[in-house]
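Chemist: below is the sequence, then the predicted model.
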Amino acid sequence: MRELLIVVFLFLSPLFSQTKELFVVSENGVAIVGGMGISLVNAPEIVDYINAIALSSQRVDDFATAVDFFGGVEFPIAETWGLKIEHTYLFKSYSILTTTGATSELFYSVQAPSIILQKVYSGEGYFVKMGGGGGYHVGSASEKSSTFGITTDYTTSGIGIKVEIVGQTAFDKNLYGYIGGQLGWELLGKFSTSSNAPSALGTKHLKYFFAGLRFGITYYW
């Protein structure tokens, strides 16, 4: 928690520490954004699958921490409205001991291109943007058991939606820090695989709720 507060302070401090002459009245323009985030993810079918095969001491919680990387382009569509075209890559991995004595490694990820409609509030040296949207997303998973050393790959796809609030504070006239909060739902379908071997994971959907924080950089031109 202390490390998170330090990061927040570093992104917000330019708003208070730099001289007023550095800032101009903000204009909603075209910008490139990018960074990374940390999310709490609740994927109930994944959790149920893991807990069904894991030793009692290896059972996992309903909520887990996942990492995401994101990048995109923002552009105005009206004086106080904008659109963001964004791509996010989120991933999570587990390594557990199963009831058979084997080690099972499970990794899943989601490629999430989205279009976000934003309401833009601006002032001297900052933007606040509130928005929501979604897109058609693609997920994948891999499962490896130490018993045979075989990795099985899975794919899935479906709709994802989210809402977010973003603050951008000026480092100079073009470069802004980015801090945001988001929550959303991924409603991806059942896992499929080209393997002919039966798999319990192949009966599960990649559906999850997420809530998290993001940090990054915005460049306006």
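Modeler: Cool, got the structure. Numbering: from 1, shown residues only.

Chemist: secondary structure class for the closest residue to Ile159 other than its chain neighbours?
Modeler: Spatial nearest neighbour of Ile159, excluding adjacent residues (C-beta to C-beta, 6 or more residues apart in numbering): Leu187 at 5.0 Å. Bear in mind the C-beta positions are built from the backbone N, C-alpha and C, glycine included. Secondary structure, DSSP: H, G, I helix; E, B strand; the rest coil: Leu187 is strand.

Chemist: residues near Leu187, how many?
Modeler: Other residues near Leu187 come to 15 when the count uses other C-beta atoms under 10 Å.

Chemist: what's near enough to touch it?
Modeler: Gly158, Ile159, Gly160, Ile161, Lys207 (C-beta atoms under 8 Å, 6 or more residues apart in numbering).

Chemist: can you give me the pLDDT of Glu3?
Modeler: Predicted confidence (pLDDT) for Glu3: 48.

Chemist: sorry, back to before: may I ask which of the contacts of Leu187 has the most neighbours?
Modeler: Gly160 leads the contacts of Leu187 on contacts (other C-beta under 10 Å) with 26 neighbours.

Chemist: from the contacts of Leu187, which single one is nearest Thr80?
Modeler: Ile161 (22.8 Å; C-beta to C-beta).

Chemist: closest one of the contacts of Leu187 to His137?
Modeler: Gly160 (4.3 Å).

Chemist: can you name the residues that contact Phe107?
Modeler: Phe107 makes contact with Phe91, Lys92, Ser93, Tyr94, Ala141, Ser142, Glu143, according to C-beta under 8 Å, 6+ apart.
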